[in-house]
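K.L.:
sequence first, predicted coordinates after that:
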Amino acid sequence: MKNRSKNKSKSSKNQDHWIYGHHTVVAAIKNENRIKYRLILDESAKKKLDKEPDFNLPKEISVAVKEKLEIERLFDFKVNHQGIALNIEKLPQIRLQEFIKETLNSEQSTIVILDQLEDSQNVGAIFRSAYGLGIDAIILTDSKSVSENSFIAKTAAGGLDKIPFTTVTNISSAIKILKENQFWIYGLDGSTDKLITEINFPKKTALILGSESTGMRTITKNLCDEVFKIGINKNLESLNVSNAAAITFFYLNNK
C-alpha cells in the first residue's frame, strides 16, 4: 500500500479517535498511512507487545503504562481492549480514480463494494475475511453506511490497516469508473437463479455486497454485468452478509 500520509499536520478533527486490541493496534502502528499519537497500555499488554516479531515502535508515538480501568475510561462503552489502546487519525480517503491507480494491480485485481452496510460487526468481519482470503481492496458507500470506527477496527483484527479502502458518494459513478478501468461488476443476490459456480470470473472483478436488511438495491443490480447466489439449504432464507462474503472470497481466491 502506498503512503497517503504525506503533508498532513496533527491538527485534524480526528485526534480523539481511539482503537483497541493487540492485533488492531499493532496493524495500525505498522501502517505507514496512519498518523499515530498516543499509545496507552497496561503491563501485561506491554510484555506482549515487546515480544511482537518485526515490530518497532515509532519514536513520535507517546507511550504511557496505565491500569486497565484507566484504559476503559477512554471509551464510552465497555470494550474488550486487552489492555491496549492507540490514539490515531482515521485513514485518509482519496478519489476512486486515484485509489485504483495507487493501490490496485493494473492486470489482475479483486475488489469488494459494500453498498449501504450498517452493522459494524459485519463490516469488520468482511475486512478480516478480505485480508485472509486474497481481496485486494474494499470500497464503501457514504450514504446509509457505517464508517470507520473502533468496533470495526477491533472486529477486523488488523484488516482495516491491511486492506486498502476508500469511500464513494455515488455508487453508479463508481461502477462507471471501475468499468472504464476494465473491471467486470458482479452482485451477490440470493433471489437470482445463477450459482457462483456457474460464473467464469475475469482477472479484474468487482463484487458488490448489499445491505443486511434488503440486500442489493435494484439500481445497483441493474449496473452489474452478472448477479449470482451461493447455493444453500432451500429451507434457509439467506446467509449473514459477512458469512456470504467469506464463502465468496474463498471461492474467488481458489478458482
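P.N.:
Sure thing, it's come through. Residues are numbered from 1 along each chain as shown.

K.L.:
which intervals of this protein have sub-threshold pLDDT?
P.N.:
For the chain, applying pLDDT under 70 flags the ranges 1-15.

K.L.:
helices along that one, start to end?
P.N.:
Shown for the chain, the helices assigned by DSSP state H span residues 22-30, 43-50, 68-72, 96-103, 120-132, 150-156, 171-180, 218-221, 241-253.

K.L.:
out of those helices, which gets nearest to K194?
P.N.:
Distance to K194, taken as C-beta to C-beta, is lowest for helix 218-221 among the helices of the chain, at 12.6 Å. Using the backbone N, CA and C atoms, a C-beta is placed for each residue, glycine as well.

K.L.:
tell me which residues in the closest one are buried?
P.N.:
T220, K221 (16 or more other C-beta atoms under 10 Å).

K.L.:
list the buried residues in stretch 55-73.
P.N.:
K66, I71, E72.

K.L.:
include distance to S238 when you put those into CSV, please.
P.N.:
Output for these, formatted as CSV (distance: C-beta to C-beta, whole Å):
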residue, distance to S238
K66, 44
I71, 38
E72, 37
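
K.L.:
what's the closest of the residues you listed to N31?
P.N.:
Once C-beta to C-beta is applied, the member of the buried residues of stretch 55-73 that ends up nearest N31 is I71, at 21.3 Å.

K.L.:
touching, that closest one and S44? I think so.
P.N.:
No. Contact between I71 and S44 fails when scored by C-beta atoms under 8 Å: they sit 11.3 Å apart.

K.L.:
joint contacts of these two?
P.N.:
G83 (C-beta atoms under 8 Å, 6 or more residues apart in numbering).

K.L.:
show me how the record splits the protein into domains.
P.N.:
17-88, 96-253 (automatic domain parsing).

K.L.:
for those, which one ends up most surrounded?
P.N.:
Among the domains of the chain, domain 96-253 has the highest mean neighbour count (mean count of other C-beta atoms under 10 Å), at a mean of 18.

K.L.:
distance from the chain centre to that one, please.
P.N.:
Offset of domain 96-253 from its chain centre (C-alpha atoms, centre = their mean, to the nearest Å): 10 Å.

K.L.:
ends of that domain, what's the gap?
P.N.:
One end of domain 96-253 sits 24 Å from the other (C-alpha to C-alpha, to the nearest Å).

K.L.:
same question for stretch 131-151.
P.N.:
So stretch 131-151: terminal residues 17 Å apart, C-alpha to C-alpha.

K.L.:
likewise for stretch 52-66?
P.N.:
Start-to-end, stretch 52-66 (C-alpha to C-alpha) is 20 Å.

K.L.:
same thing with stretch 194-208?
P.N.:
Span of stretch 194-208 from end to end, C-alpha to C-alpha: 15 Å.

K.L.:
can you give me the distance of the residue nearest to H22 when sequence neighbours are not counted to I71?
P.N.:
Spatially, and ignoring its direct neighbours in sequence, H22 is nearest to Q82 (5.2 Å; C-beta to C-beta, 6 or more residues apart in numbering). Look at Q82 and I71: by C-beta to C-beta, to the nearest Å, they are 9 Å apart.

K.L.:
shared neighbours of these two, anything?
P.N.:
Counting by C-beta under 8 Å, 6+ apart, the residues touching both Q82 and I71 are Y20.

K.L.:
would you turn the helices of the chain into a markdown table with distance to F165?
P.N.:
Below are those laid out as a markdown table (distance: least, C-beta to C-beta, whole Å):
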| stretch | distance to F165 |
| --- | --- |
| helix 22-30 | 13 |
| helix 43-50 | 26 |
| helix 68-72 | 27 |
| helix 96-103 | 9 |
| helix 120-132 | 8 |
| helix 150-156 | 10 |
| helix 171-180 | 13 |
| helix 218-221 | 18 |
| helix 241-253 | 14 |
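
K.L.:
good, wrapping up.
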